[in-house]
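Asker: A predicted structure for the sequence below; I have some questions about it.
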There are 2 protein chains.
Amino acid sequence: MRTRLVLRVKAHARVAFQGELGAFSQRAGTRIFGPDIDALPCVTFDDVFDGVTDGKADLGVIPIENSLAGSIYQNFDLLVRHPLEAIAETYIRIEHHLIAHPSSRMGQIRTIYSHPAALAQCRRFLRRLKHIEERSFYDTAGSVKHIRESGLRDAAAIASADAAKIYGMKILRRGIEDNRENYTRFLGLARKGVFAQGGAKTTVVFGLRNEPGALFKALSVFALRNIDLTKLESRPIHGKPWEYLFYLDLRSDLNSRECRNALRHLREMTLYFKVLGSYPTF
Amino acid sequence: MRTRLVLRVKAHARVAFQGELGAFSQRAGTRIFGPDIDALPCVTFDDVFDGVTDGKADLGVIPIENSLAGSIYQNFDLLVRHPLEAIAETYIRIEHHLIAHPSSRMGQIRTIYSHPAALAQCRRFLRRLKHIEERSFYDTAGSVKHIRESGLRDAAAIASADAAKIYGMKILRRGIEDNRENYTRFLGLARKGVFAQGGAKTTVVFGLRNEPGALFKALSVFALRNIDLTKLESRPIHGKPWEYLFYLDLRSDLNSRECRNALRHLREMTLYFKVLGSYPTF
């Protein structure tokens, strides 16, 4: 699926992502931009978008979809509201580990911390344990950091192998996720116009008139040109109940004639239209 | 938008919903089924679906979409996995109030409890308050109940007027939601075959071959018959990364010839197909 080794960015480019050091988003950033980036952990997705927009960061990385849980809808909404564009995508297999202090043993663990999504993805493993309390935390890697910094010996976290390594912690149990077909798709972000657009995929967002056949006609511009859609998502428009914006991923390069023609055709029938990016896969 | 007064159900029908007494889902249940139902509060959406499936409840009510936040995706997934069908829909305007003990005054309040979605929908109001701590709770009405039962005088909850009334509490501030265009759509559920199907809307779910133009062809069966789509949603199929099920709301009655023809046509090209319900709006 990868089309190039890494995207060429300047040395020590500051890459913003949500979560602590060791988050899956950081790994996605390294996959896309290479190892010589400066990681810029952020508390919220809003902070990632604002950081890149304001220039505090050069680049950003956000999760956009998980193969089990579905789209990260908040990030679709944020993409429309910021003057950023997608410049790359990558897919990371989400492998969860049970992580504790190096001196802790499995039998000592009484509390397990992690992000609610990670706890939910390890339901089968957690159900087998007895007398364990689950605690929701804002971040997977952050829960490893918390256990380390608080010196807890009777607690463990569910997080990535990277997080265990960064905080000098031990993996008690490997690969505890229920479903191994657990992948997250990430997008690399930059301010508009900084990177050349183009690649295997193009993402657009549009709004349509509220009339029968409107979506069918919109999709016809791609069907007529044999352009494959890999994803269609709808999100409500704030203040206009039951009207939607549609997010569409095309397997098509914005630099190709067929893609440009299809999008020109689409704009004839949309009330709102924006290209969110055209990018390679890493 | 309402087509009948209420759906005729037996007296004291047990109606399962997520949340405590006074939840918006309970109000939706009364709107659909009338005032003579027995409310059956449940902790999770899973409990609502299991309760109706197992016969502990006669009927269920679930939120399926909010005009600001979008679909309640978990309930789409649960609809496919349970032998239930949608028999009614209704729309409730979500009006949030700040609710406290009858003897509390605004100046005393130091902590505000509610469901994270309700806290997020009252962001502007909360930002104006100083020295207030927000606490996430599992349910809006449940947070009113908690304050009542714990006898807290320096805490308030964000919830419905119904919740204030049920727990004998006082509304300190009315209509504190940021956006008044805040509606939630609810579905009434029953076991398959208990109620006659039919009404202004029909909801179906289907899976398609992963090939160019597949969705376009699927939507053509409605466009060719001038059947209006009011909603299209995609959800990932577990274990098949980047393959989706599509959920479609049609403004069409399953008992009409055009609807039956369109769905027969659709089944010719789907790998998976299920009618989730055809129902009136209350």
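Answerer: Good, I have the coordinates.
Asker: and stretch A:39-57, does that touch chain B?
Answerer: No - remark: stretch A:39-57 sits outside contact range of chain B, by C-beta under 8 Å from any C-beta of the partner chain, the gap being at least 11.8 Å. For the C-beta atoms, the positions are set from N, CA and C on the backbone; glycine is no exception.
Asker: Report the buried residues of that stretch.
Answerer: Of the residues in stretch A:39-57, A:39-42, A:45, A:47-53, A:57 count as buried by neighbour count, 16 or more other C-beta atoms under 10 Å in any protein chain shown.
Asker: where does the residue nearest the centre of chain A sit relative to chain B, distance-wise?
Answerer: For chain A, the residue nearest the mean C-alpha position is A:P63 (0.5 Å; C-alpha atoms, centre = their mean). Taking C-beta to the nearest C-beta, to the nearest Å as the measure, A:P63 and chain B are separated by 14 Å.
Asker: Following the helix or strand where that residue lies in sequence, what is the next regular element?
Answerer: Here A:P63, judged by DSSP states H and E, is contained in strand A:59-66. Once strand A:59-66 ends, the next helix or strand along the chain (criterion: DSSP H and E) is strand A:70-71.
Asker: does any bit of the next helix or strand after that following strand sit next to chain B?
Answerer: Where DSSP H and E defines the elements, the next helix or strand beyond strand A:70-71 is helix A:73-81. Yes - interface with chain B: helix A:73-81 contributes A:Y73 (C-beta under 8 Å from any C-beta).
Asker: Buried residues in helix A:73-81, which are they?
Answerer: A:Y73, A:N75, A:F76, A:D77, A:L78, A:L79.
Asker: pLDDT averaged over it - what is it?
Answerer: Mean per-residue pLDDT for helix A:73-81: 92.
Asker: With only the CA atoms kept, save whichever helix or strand comes after that helix in CSV.
Answerer: Where DSSP H and E defines the elements, the next helix or strand beyond helix A:73-81 is strand A:84-93. Output in CSV follows, covering the C-alpha atoms of strand A:84-93 (Å, rounded to 0.1, in the frame of the first residue of the first chain):
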residue,chain,number,x,y,z
LEU,A,84,-5.3,23.0,6.3
GLU,A,85,-5.0,20.3,3.7
ALA,A,86,-4.3,16.5,3.9
ILE,A,87,-0.8,15.8,2.4
ALA,A,88,-0.4,12.1,3.2
GLU,A,89,-2.2,9.1,4.7
THR,A,90,-1.0,5.9,6.4
TYR,A,91,-2.5,2.8,8.1
ILE,A,92,-1.3,1.5,11.5
ARG,A,93,-2.3,-1.8,13.0
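Asker: Could you list every helix and strand that strand A:84-93 packs against?
Answerer: Contacts defined by 3 or more C-beta pairs under 8 Å, 6 or more residues apart in numbering or on different chains; DSSP states H and E place strand A:84-93 against helix A:24-33, helix A:45-54, strand A:59-66, strand A:183-191, strand A:270-279.
Asker: The shortest one pairs with which strands, parallel or anti?
Answerer: Put plainly, it is strand A:59-66. Strand A:59-66 pairs in its sheet with strand A:14-18 (parallel), strand A:70-71 (antiparallel), strand A:183-191 (antiparallel), by DSSP bridges.
Asker: can you list these in CSV and add distance to A:H265 and mean neighbour count?
Answerer: Formatted as CSV, those follow (distance: least, C-beta to C-beta, whole Å; neighbours: other C-beta atoms under 10 Å in any protein chain shown):
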stretch, distance to A:H265, mean neighbour count
strand A:14-18, 36, 25
strand A:70-71, 26, 20
strand A:183-191, 25, 23
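Asker: I'd like those as TSV, with distance to B:D178 appended.
Answerer: Output for the strands paired with strand A:59-66, formatted as TSV (distance: least, C-beta to C-beta, whole Å):
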stretch	distance to B:D178
strand A:14-18	23
strand A:70-71	23
strand A:183-191	27
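Asker: Can you add mean pLDDT and give the helices and strands packed on strand A:84-93 back as a markdown table?
Answerer: A markdown table is the format used below for those (pLDDT from 0 to 100):
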| stretch | mean pLDDT |
| --- | --- |
| helix A:24-33 | 95 |
| helix A:45-54 | 97 |
| strand A:59-66 | 96 |
| strand A:183-191 | 96 |
| strand A:270-279 | 96 |
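Asker: Of all the ones you listed, which one is nearest B:E233?
Answerer: strand A:59-66 (14.0 Å; C-beta to C-beta).
Asker: Distance from that closest one to the middle of the chain?
Answerer: Computed by C-alpha atoms, centre = their mean, to the nearest Å, the chain-centroid distance of strand A:59-66 equals 3 Å.
Asker: can you check stretch A:21-28 too?
Answerer: Chain-centre distance of stretch A:21-28: 10 Å, with C-alpha atoms, centre = their mean.
Asker: Ok, stretch A:45-61 next?
Answerer: Put simply, stretch A:45-61 sits 14 Å off its chain's centre (C-alpha atoms, centre = their mean).
Asker: That one spans what distance, first to last residue?
Answerer: Using C-alpha to C-alpha, to the nearest Å, one end of stretch A:45-61 lies 10 Å from the other.
Asker: neighbouring contacts of that stretch?
Answerer: With contact meaning C-beta atoms under 8 Å, 6 or more residues apart in numbering or on different chains, stretch A:45-61 is reached by A:9-10, A:13-18, A:25-26, A:28-29, A:32-33, A:37, A:40, A:42, A:62, A:72, A:74-75, A:78, A:81-84, A:87, A:186-191.
Asker: Run through the residues of the stretch 101-250 of chain A sitting next to chain B.
Answerer: The interface of the stretch 101-250 of chain A toward chain B, taken as C-beta under 8 Å from any C-beta, is made up of A:179, A:181, A:183, A:211-213, A:215-217, A:219-220, A:222-223, A:226-236, A:238-242, A:244.
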